[in-house]
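In: Sequence and predicted structure, then a few things I'm wondering about:
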Amino acid sequence: AQSVTQLGSHVSVSEGALVLLRCNYSSSVPPYLFWYVQYPNQGLQLLLKYTSAATLVKGINGFEAEFKKSETSFHLTKPSAHMSDAAEYFCAVSDRGGTSYGKLTFGQGTILTVHP
Amino acid sequence: EPEVTQTPSHQVTQMGQEVILRCVPISNHLYFYWYRQILGQKVEFLVSFYNNEISEKSEIFDDQFSVERPDGSNFTLKIRSTKLEDSAMYFCASKGDSTSGNTIYFGEGSWLTVV
């Protein structure tokens, strides 16, 4: 079974500050890892994904995440927060095919607030 | 960019009524999913569909739920007799084959309120 834990349900940063959203996963097989963003009253938009190529993955809007197998982590970072980054962020894991057919297991989400 | 589209965006229904949520997945995709998100909670997997049959379902997906791909383009979720606890945002999603990177693309969601 797979699981995802996002540390901190709410993170608040100042505009221009570093954004760090934490995600730890548990998987019995090598995982695919994803970060999705959900803006208010909208659907889930893919930010970035790790699928076994480079461990440092760059996504849209200046976000990046690093896969650390030894720490079972996939933390999301952005060097300088913008007001438009305020949203809820979800980390998700799936296995690499096989019987799960790519089913995603989500973390509980982290709401990012950006202060002027 | 191709996208997953869902209708309706919002629906209010009486408890006990049947509801059908509709989705048009990305056209060359092979795997189809429904997820739901109860207000304030995490996004939960409901069901996956491949090769015209359910490939996996969660314990949430009981006999009150069914899915169908009636015409090769639409993918529907039916709830036969809605309960108050079915109130949630329902997301349709689709995925191509492994050559497309195994990314699951989500629709904007259908917000269901059961009263």
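Out: Nice, I can see it. Computed from a prediction, not measured in an experiment: that's the story for all the values here.
In: Could you check how far the residue nearest the centre of chain A is from residue A:10?
Out: Of all residues in chain A, the one closest to the mean position by C-alpha atoms, centre = their mean is residue A:35, 3.2 Å from it. Separation of residue A:35 from residue A:10 (C-beta to C-beta, to the nearest Å) stands at 17 Å. For glycine as for every other residue, the C-beta is placed from the backbone atoms N, C-alpha and C.
In: Need the pLDDT of the residue nearest to the residue nearest to the centre of chain A when sequence neighbours are not counted.
Out: Using C-beta to C-beta, 6 or more residues apart in numbering or on different chains and skipping the chain neighbours, the partner closest in space to residue A:35 is residue A:47 (4.3 Å). Looking at residue A:47, its pLDDT stands at 95.
In: now residue B:98
Out: So, for residue B:98, pLDDT stands at 69.
In: now do the one 4 residues further on
Out: For residue B:102, the pLDDT comes out at 70.
In: Using the three-state scheme, assign it.
Out: coil (DSSP: H, G, I helix; E, B strand; the rest coil).
In: list the contacts for residue A:9?
Out: Counting by C-beta atoms under 8 Å, 6 or more residues apart in numbering or on different chains, residue A:9 makes contact with A:108-111.
In: can you tell me how far it sits from residue B:110?
Out: Following C-beta to C-beta, the distance that separates residue A:9 from residue B:110 is 25 Å.
In: Distance-wise, check the residue most central in space within chain B relative to residue A:110.
Out: By C-alpha atoms, centre = their mean, the mean C-alpha position of chain B lies nearest to residue B:34, the distance being 3.0 Å. Going from residue B:34 to residue A:110 by C-beta to C-beta gives 24 Å.
In: same thing with residue B:112?
Out: Distance from residue B:112 to residue A:110, by C-beta to C-beta: 25 Å.
In: interface residues of chain A facing chain B?
Out: Taking C-beta under 8 Å from any C-beta of the partner chain as the test, the list of chain A residues beside chain B reads A:32, A:34, A:36, A:42-46, A:49, A:51, A:90, A:92, A:94, A:96-97, A:99-109.
In: ok, which stretches of the chain are strands?
Out: This is for chain A. With strands called from DSSP state E, chain A shows them at A:3-7, A:10-14, A:19-26, A:31-38, A:44-50, A:56-58, A:64-68, A:73-78, A:87-95, A:105-106, A:110-115.
In: I was thinking of chain B, sorry if that wasn't clear
Out: With DSSP E as the criterion, chain B has strands spanning B:5-7, B:10-13, B:19-24, B:31-37, B:43-50, B:53-57, B:65-68, B:75-79, B:88-95, B:104-106, B:110-114.
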